[in-house]
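[1] Provided below for reference: sequence and predicted model.
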Amino acid sequence: MHTIESAPEASKPLLEASQKAYGMIPGLHGVLAAAPGILEGYQKLHELFVNTSFNEEELTVVWQAINVEHACHYCVPAHTGIAHMMKVDNDIIESLRNETPLANPKLEALRTMTLSIVRNRGNVSQADLEAFYTAGYGEQQVLEIILGVSQKVISNYTNHIANTPVDAAFQKFAWSKK
């Protein structure tokens, strides 16, 4: 795990941006810094995903559905803390962490589509798409889920390989797959 001082030159400004944005260098970013291109790609995908058509609850649903499905010991606690900072309802946060259906049918449709995309590697059925569209989403949101999946594959897989320690700020939200 790199610091600004130990990171490759190309990663130093990226870690400085993380420090400025978060008031710390998240452990994931310190790990990704070993390969500047992946850190830059992750940061850009994150920026693009938060600027999609999804609101904060929907962003949380996509992120956490993927994090939980991938059993990411680092990202589930991190996104729990982030969801709290974004003022996402605690019932949504806990349902996502515990893999229980969301009370809001539209959010549940989003969770279901996200999981279908992840579990089927993008080979979703026409019936899945129709259910998603009936819930009020469109083709744009299908593609935006794929953007979110791209971001989360980088973080979830990296954390599995690196066994990234959960940042102190998120340790109180520790989680493991049931």
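    Structure received. Numbering: from 1, shown residues only.
[2] from the contact counts, what lies against the helix or strand in which Leu45 is found?
    Assigned by DSSP states H and E, Leu45 falls within helix 36-50. When contacts are defined as 3 or more Cβ pairs under 8 Å, 6 or more residues apart in numbering; DSSP states H and E, helix 36-50 packs onto helix 12-22, helix 27-32, helix 56-69, helix 139-162. In short, each C-beta sits where N, CA and C put it, glycine included.
[3] can you list those helices in TSV and add mean pLDDT?
    Below are those laid out as TSV (pLDDT from 0 to 100):
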stretch	mean pLDDT
helix 12-22	96
helix 27-32	98
helix 56-69	98
helix 139-162	98
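[4] centroid-nearest residue for this protein?
    The structure's the chain has its C-alpha centroid closest to Trp63; by Cα atoms, centre = their mean the separation is 3.4 Å.
[5] pipe the helices and strands packed on helix 36-50 into CSV and attach distance to Glu94 per row.
    Shown next, in CSV, are the helices and strands packed on helix 36-50 (distance: least, Cβ to Cβ, whole Å):
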stretch, distance to Glu94
helix 12-22, 24
helix 27-32, 23
helix 56-69, 10
helix 139-162, 20
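[6] CA-only coordinates of stretch 11-26 in PDB, if you can.
    Below are the C-alpha coordinates for stretch 11-26, written out as PDB (Å, rounded to 0.1, in the frame of the first residue of the first chain):
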ATOM      1  CA  SER A  11       0.500   8.000  -9.100                       C
ATOM      2  CA  LYS A  12       1.600  10.800  -6.800                       C
ATOM      3  CA  PRO A  13      -0.800  13.500  -8.100                       C
ATOM      4  CA  LEU A  14      -3.600  11.000  -8.100                       C
ATOM      5  CA  LEU A  15      -3.000  10.200  -4.400                       C
ATOM      6  CA  GLU A  16      -2.700  13.900  -3.700                       C
ATOM      7  CA  ALA A  17      -6.200  14.300  -5.300                       C
ATOM      8  CA  SER A  18      -7.500  11.400  -3.100                       C
ATOM      9  CA  GLN A  19      -6.000  13.100   0.000                       C
ATOM     10  CA  LYS A  20      -7.700  16.400  -0.900                       C
ATOM     11  CA  ALA A  21     -11.100  14.800  -1.800                       C
ATOM     12  CA  TYR A  22     -11.300  12.500   1.200                       C
ATOM     13  CA  GLY A  23      -9.100  14.000   3.800                       C
ATOM     14  CA  MET A  24      -7.100  10.700   3.700                       C
ATOM     15  CA  ILE A  25      -5.800   8.300   1.200                       C
ATOM     16  CA  PRO A  26      -8.200   5.400   1.100                       C
END
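[7] much appreciated, bye for now.
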